[in-house]
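Enquirer: Here is my input; please provide its structure:
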Amino acid sequence: SAGREKRDISEASRLFESRGLRPNAPCGEGVIPGAAVARLQLGVLSVAVYARSFDRGSLCVSSNLSERVGAKSNRSRKMGAEEAGTVGKHRLHRITANDEIGYFAPKTWEFWRALIAAFCICTIVGHWLELLYCVIMDALFGIVAPDYVVWNDPWYHPYWVYGVGAVAMTLVIEPLKEYIVVRCKTLWGALLATFAITVILSMVLELVIGLLVNQPDEFGKYPFWDNSQLPFNILGQAWLVNDVFIGLVAVLYVWLIYPLICEMFGHMRPRAANWLLAFIIVAFAGCCTLSYLQLWLGF
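Expert: Okay, here's the model as predicted:
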């Protein structure tokens, strides 16, 4: 306390005076040659007294400071958690906005691994899709012949056009989709734009191929397909209903199926992913072999 500090200084002064020293005397008076030294000693003693007093007070200050720092630390952790939550939400939002880009990476093995798997899977699953398509089209327009092979093919029979289509969509529609996603403000807008562009591309492709290789003969019979009697046909070659169906399939593939295949491999260790691809290839080869043996040998 202040009273104790004064008492300590007074005792020190009396001690010096009892020895014939006047520590407060000016240096010029020079009553005792050691006065300057005595004054220096008193100063050191006073500093020591104040230091002891300050040290006792500093413990309290440190304690209070520690409490404040602890409280601030708690607040910082709380704010950090809130910020982390905000960042997490922002990151979740960014993932939602960008979960459809980054899959077109033709310079990486991961891309080709997913593409090979997509080719094998879609070649087999395409048969089931063809069956569903024929059921719907026959129910709506009655255009599927009763002896069409899709009704009799085994479920594991490969429909190569769907596998090739998957490769074509990955190499053409996937980068286009990613470009549209980056440019559009919303995912719904990007989805609709992808669908519209795919329908237009399908219609133009069907029309051009039809005009080149599917011209009717002198009897008016088309060699490959005849859409001339169907509603919404374009020059008897392209059929808008079919193009819309292709657009839906393309959107389903590039927005869901292919990203899921990529994510499936991406969540696996590289060695395990390669083993899974090997299994898919072997299973696919087994389906093709069994199907064609059944077809050729008639069993």
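
Enquirer: Please make it C-alpha for all contacts and neighbour counts, starting now.
Expert: Will do.

Enquirer: residue boundaries of the helices in the stretch 51-200 of the chain?
Expert: 109-141, 160-168, 174-183, 187-213 (DSSP state H, counting those that start in this stretch).

Enquirer: Make TSV from those helices and add mean pLDDT, mean neighbour count and distance to residue 266 to it.
Expert: Output for those, formatted as TSV (pLDDT from 0 to 100; neighbours: other Cα atoms under 10 Å; distance: least, Cα to Cα, whole Å):
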stretch	mean pLDDT	mean neighbour count	distance to residue 266
helix 109-141	93	18	8
helix 160-168	94	18	19
helix 174-183	93	19	18
helix 187-213	92	17	23
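
Enquirer: show me what contacts the residue found closest to residue 154 once you drop the neighbours it is linked to in the chain?
Expert: Nearest residue to residue 154, sequence neighbours excluded (Cα to Cα, 6 or more residues apart in numbering): residue 291, at 7.3 Å. When contacts are counted by Cα atoms under 8 Å, 6 or more residues apart in numbering, residue 291 is found next to 154, 156, 157, 158.

Enquirer: In CSV: these, plus pLDDT, distance to residue 278 and neighbour count.
Expert: Shown next, in CSV, are the contacts of residue 291 (pLDDT from 0 to 100; distance: Cα to Cα, whole Å; neighbours: other Cα atoms under 10 Å):
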residue, pLDDT, distance to residue 278, neighbour count
154, 85, 23, 16
156, 88, 18, 18
157, 89, 20, 23
158, 92, 18, 26
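
Enquirer: Name the nearest of those relative to residue 147.
Expert: Closest to residue 147 out of these is residue 154 (14.5 Å), distances taken as Cα to Cα.

Enquirer: roughly how far apart are that closest one and residue 125?
Expert: According to Cα to Cα, to the nearest Å, residue 154 and residue 125 sit 12 Å apart.

Enquirer: buried ones in the host helix or strand of the residue nearest to residue 154?
Expert: Using DSSP states H and E, residue 291 falls within helix 270-297. By neighbour count on 16 or more other Cα atoms under 10 Å, the buried set for helix 270-297 is 273, 277, 280, 281, 284, 287, 288, 291.

Enquirer: quick one, phi psi at residue 269?
Expert: phi -70, psi 150 (degrees, to the nearest 10).

Enquirer: returning to what we had before: now the angle from the helix holding residue 291 to helix 109-141?
Expert: 40 degrees (axes from the mean of the first three to the mean of the last three Cα atoms, to 10 degrees).

Enquirer: Identify, from the contacts of residue 291, the entry nearest to residue 177.
Expert: For the contacts of residue 291, the nearest to residue 177 is residue 158 (27.5 Å; Cα to Cα).

Enquirer: how much space is there between the closest one and residue 285?
Expert: Residue 158 is 10 Å from residue 285, by Cα to Cα.

Enquirer: Please apply the same query to residue 127.
Expert: Distance from residue 127 to residue 285, by Cα to Cα: 16 Å.
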